[in-house]
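Enquirer: have a look at this fold, sequence not included:
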């Protein structure tokens, strides 16, 4: 059996490292994009949110179908986020 003996906690890693940046949140039902402005244990807050209904070709400069939401801020449950990265 292999055993991990050292655990190191690094502040500002993960979602926190993307605060202030454009992000893509790939969630269980939808993909969301916007500027990440808040992070806590249960949810994240993005400004100028949009839903990406169709990514198209991943290497393209723009999403095939992205629609701006009619709110200034959107809260997304961390439990729904499957993966995340810097946005476009």
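Expert: Thanks, I have it. For clarity, every value in this text was computed on a predicted model and none was experimentally measured.

Enquirer: burial measure for residue 38, as a count.
Expert: Residues contacting residue 38 under the criterion other C-beta atoms under 10 Å number 13. (C-beta placed from N, C-alpha, C; glycine too.)

Enquirer: cool, and residue 59?
Expert: The burial count assigned to residue 59 is 5, neighbours taken as other C-beta under 10 Å.

Enquirer: ok, now residue 18?
Expert: Residue 18: 19 surrounding residues under other C-beta under 10 Å.

Enquirer: show me what contacts it?
Expert: Contact criterion C-beta atoms under 8 Å, 6 or more residues apart in numbering gives 36, 84, 86 as the residues in contact with residue 18.

Enquirer: and which of these is nearest to residue 2?
Expert: Using C-beta to C-beta, residue 84 is the member of the contacts of residue 18 that sits closest to residue 2, with 28.7 Å.

Enquirer: would you mark the buried spots in the top strand by length along the chain?
Expert: Looking only at the chain and at elements set by DSSP state E, the strand with the highest residue count is strand 43-54. Across strand 43-54, burial judged by 16 or more other C-beta atoms under 10 Å covers 44, 45, 46, 49, 50, 51, 52.
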